[in-house]
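Chemist: Below is the sequence, then the predicted model.
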Amino acid sequence: MQKTLRLILGDQLNSNHSWYETIDDSVTYALMEIRTETDYANHHIQKIVGFFTAMQEFAKDLKSKNNNVIYIHINDENNLQSFDKNLEFLIYEQHFTNFEYQLPDEYRVDEVLKNFCKTISISNSVVDSEHFYTTRNELGTFFEGKKTFLLEFFYRALRKKHNVLMEGDKPVTGQWNYDGENRKKLPKNHKPTPPLVFNNDVSQIYLEIQKKNIKTIGNIDAKNFVWPINRKQSLELLDFFVEECLPLFGSYQDAMTPNEWSLYHSRVSFSMNIKMISPQEVIDKCIEEWQKRPAEIEYNQLEGFVRQIIGWREYMRGIYWLKMPEYATMNYFNNQEKLPEWFWTGNTKMNCLKDAIIQSLDYAYAHHIQRLMITGNFGLLAGIHPDDMDAWYLGIYIDAIEWVEITNTRGMSQFADGGIVGTKPYVSSASYIDKMSHYCVSCYYKKTIKTGDKACPFNSLYWNFYDRNEDKLGKNPRIGMMYNVWRKMQPEAKTALLEQADYYLKNINDL
């Protein structure tokens, strides 16, 4: 008798996959909570809890539809704590004649499963995860023979291919990109819409993780877990976003303010990245809402969000599969410094970093500008090794899976890839942070002071970064203006800035 074992990874909780269209008694699905997945990074406790809870919910749903399911819990006696060992044991013990899996999104897991299939004597096959707009290799094919990989070109091609916000072969409104309209600071007395949060009781799973002594970071209220744990809650969160937040999403997508961790962001990245909902249904829902309420939802609000999903998200995945595994070792500036100790505590006098880090520890979440222009900006200015930055981002965020984390970190944030993803490093002094946030007003450091007591560290580190990397950046046309300013500066002003930066770097754990 033919017996098929199908592996479902923790980020493959796609109930609309064609696997589940028919119930087949000869097929058994396997999900596993294993140490190789909890231990490859020092993860946020909410991230591990979120994955395990969603996996258990998914298994429960499969069973309720009369599918055969094997679920291996983290503390099960027969758990061999890795995909290959558990699979080998299951195939041998239950006499499976065929093994199938979906294409993993992480290079590391892809290699494990490809190598595993070479060692087994039964037939095996792999299918697509049926989640993304693009295939793994689509970006590589699109840019074949090109030296640069401009997101905008890829984004436009995907809009055309999938008929997203198009009128024939032209974009709706005639304009492709509204990025320039989506950079507003939150008005001083503006109170954002309170976020929709869930009150999931995950205390049992939390105790199981503690029992196994898995090393984690961050905080959790296990009786009131705020993240969606199944498709139903994921769709609720999506509905809340389009109804309550989309009308102001674009305008304030780059804004930052203390004690507001969600603002108008969707926070559906965790649900999407583990495939409880798909990018297409997210985009379709947003467009549908905009069509219903064109007077309330301006087009720039919608386009800014669509670009993040069909543009940025698909683009980053394409870069990942085109450039791995070499991408994980790139260090264009040869940065070697260690991550400051306060990145794990938020115990710093810099308001912007304190707020972004404490929020990340409390919610396993920060929005893209907090990641790029606060924590990432500081890491690059301070010359932190990209491995350290990678490990921190991969561990601390609930939505961080390597395919999307590493491209954003090494590429967009740290420019460690030398310009594959970004055309310039994303660095700034205090002026940009003040322009987009309310952090500077009550900070210990003073945004306008460049040197001396209480000078904002971002100011001197900014110029120190450009000075230190002039051989690599001096001819970059996008930052030529900054080098013109630096070269015209008086020698004594330059020296003072570099000495200030040197002092801060030598005392980085005390900032």
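Modeler: Good, I have the coordinates.
Chemist: the strands in the stretch 151-300 of the chain, which residues?
Modeler: Along the stretch 151-300 of the chain, the segments classed as strands by DSSP state E, counting those that start in this stretch run 166-167, 170-171.
Chemist: swap that for the chain, please
Modeler: According to DSSP state E, the chain carries its strands in the segments 4-7, 27-32, 68-72, 98-102, 123-127, 166-167, 170-171.
Chemist: okay, these in TSV with distance to residue 456 and mean neighbour count next?
Modeler: For glycine as for every other residue, the C-beta is placed from the backbone atoms N, C-alpha and C. Listed next are the strands of the chain as TSV, based on distance: least, CB to CB, whole Å; neighbours: other CB atoms under 10 Å:
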stretch	distance to residue 456	mean neighbour count
strand 4-7	50	21
strand 27-32	48	21
strand 68-72	51	18
strand 98-102	48	20
strand 123-127	51	14
strand 166-167	45	12
strand 170-171	40	14
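Chemist: now for those, which one comes closest to residue 276?
Modeler: With respect to residue 276, and counting by CB to CB, the nearest of the strands of the chain is strand 27-32 at 13.9 Å.
Chemist: Need the residues that contact the closest one.
Modeler: Identification of contacts with strand 27-32 by CB atoms under 8 Å, 6 or more residues apart in numbering yields 3-8, 10, 19, 55, 58-59, 62, 67-72, 79, 83, 86-87, 90, 94, 96.
Chemist: tell me the mean pLDDT for it?
Modeler: Across strand 27-32, the average pLDDT comes to 98.
Chemist: which neighbours does it have in its sheet, and in what orientation?
Modeler: Strand 27-32 has its sheet partners listed here by DSSP bridges as strand 4-7 (parallel), strand 68-72 (parallel).
Chemist: how far away is the closest residue to residue 72 other than its chain neighbours from residue 70?
Modeler: Leaving out its chain neighbours, the residue that sits closest to residue 72 by CB to CB, 6 or more residues apart in numbering is residue 32, at 4.4 Å. Look at residue 32 and residue 70: by CB to CB, to the nearest Å, they are 9 Å apart.
Chemist: same thing with residue 189?
Modeler: Applying CB to CB, the value for residue 189 to residue 70 is 55 Å.
Chemist: all helices of the stretch 401-511 of the chain, in order?
Modeler: Counting by DSSP state H, counting those that start in this stretch, the stretch 401-511 of the chain forms helices over residues 402-406, 430-436, 457-468, 470-473, 480-488, 491-506, given from the N-terminal end onward.
Chemist: looking at these, which has the lowest confidence?
Modeler: Out of the helices of the stretch 401-511 of the chain, helix 480-488 stands lowest, with a mean of 91 (criterion: mean pLDDT).
Chemist: Remind me what it packs against, helices and strands.
Modeler: Identification of packing neighbours for helix 480-488 by 3 or more CB pairs under 8 Å, 6 or more residues apart in numbering; DSSP states H and E yields helix 457-468.
Chemist: Check which residues of the helix it packs on are buried.
Modeler: Going by neighbour count (16 or more other CB atoms under 10 Å), the buried part of helix 457-468 is 457-466, 468.
Chemist: Distance to residue 259 and mean pLDDT added to the strands of the stretch 151-300 of the chain, as a markdown table?
Modeler: Formatted as a markdown table, the strands of the stretch 151-300 of the chain follow (distance: least, CB to CB, whole Å; pLDDT from 0 to 100):
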| stretch | distance to residue 259 | mean pLDDT |
| --- | --- | --- |
| strand 166-167 | 40 | 94 |
| strand 170-171 | 38 | 94 |
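Chemist: could you dump the ones you listed to JSON lines with distance to residue 337?
Modeler: JSON lines is the format used below for those (distance: least, CB to CB, whole Å):
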{"stretch": "strand 166-167", "distance to residue 337": "46"}
{"stretch": "strand 170-171", "distance to residue 337": "44"}
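Chemist: re the thing from before, for residue 253, which of the strands paired with strand 27-32 is the nearest?
Modeler: Each of these has some distance to residue 253 by CB to CB; the shortest is strand 4-7, at 36.8 Å.
Chemist: what's residue 482 in contact with, if anything?
Modeler: Under the criterion of CB under 8 Å, 6+ apart, the contact list for residue 482 reads residue 466.
Chemist: same thing with residue 361?
Modeler: Taking CB under 8 Å, 6+ apart as the criterion, residue 361 is in contact with 44, 217-219, 345-346, 396.
Chemist: confidence score at it?
Modeler: Note on residue 361: pLDDT of 98.
Chemist: how close does it sit to residue 208?
Modeler: Note on residue 361: its distance to residue 208, by CB to CB, is 22 Å.
Chemist: Equivalent analysis for residue 76, please.
Modeler: Taking CB to CB as the measure, residue 76 falls 10 Å from residue 208.
Chemist: Residue 390 now?
Modeler: The value you get for residue 390 to residue 208, if CB to CB is used, is 28 Å.
Chemist: And for residue 24?
Modeler: Remark: distance between residue 24 and residue 208 (CB to CB) = 31 Å.
Chemist: Would you mind telling me which of those two has more residues around it?
Modeler: residue 208 (18 against 14; other CB atoms under 10 Å).
Chemist: isn't that one right up against residue 73?
Modeler: Yes - with contact defined as CB atoms under 8 Å, residue 208 counts as touching residue 73 (6.8 Å).
Chemist: before we move on, back to that, can you tell me which of the contacts of residue 361 are buried?
Modeler: When burial is judged by neighbour count using 16+ other CB under 10 Å, the buried members of the contacts of residue 361 are 44, 217-218, 346, 396.
Chemist: Pull the most distant pair out of those.
Modeler: 44 and 346 (13.5 Å).
Chemist: mind listing what the closest residue to residue 10 other than its chain neighbours touches?
Modeler: With CB to CB, 6+ apart as the measure, residue 51 is the residue that lies nearest to residue 10, at 4.7 Å, once sequence neighbours are left out. Contacts were defined as CB under 8 Å, 6+ apart; by that measure residue 51 touches 10-11, 37, 274.
Chemist: Now with 10 Å, please.
Modeler: Each residue near residue 51 by CB atoms under 10 Å, 6 or more residues apart in numbering is listed here: 9-11, 13, 33, 37-38, 43, 205, 229, 270, 274, 398, 401.
Chemist: before we move on, what about residue 465?
Modeler: By CB under 10 Å, 6+ apart, the contact list for residue 465 reads 333, 377, 380-383, 425, 427, 429, 473, 482, 501.
Chemist: Which of the residues you listed has the largest number of neighbours?
Modeler: Counting neighbours by other CB under 10 Å, the one among these with the most is residue 377, which has 28 neighbours.
Chemist: For the spatially closest residue to residue 437 that is not a sequence neighbour, give its distance to residue 61.
Modeler: Taking CB to CB, 6+ apart, and ignoring the residues beside it in sequence, residue 437 has residue 256 as its nearest neighbour in space, at 3.7 Å. Distance, residue 256 to residue 61, by CB to CB: 37 Å.
Chemist: Among those two, which residue is more densely surrounded?
Modeler: Set side by side, residue 256 and residue 61 give different neighbour counts by other CB under 10 Å, the larger being at residue 256 (23 against 17).
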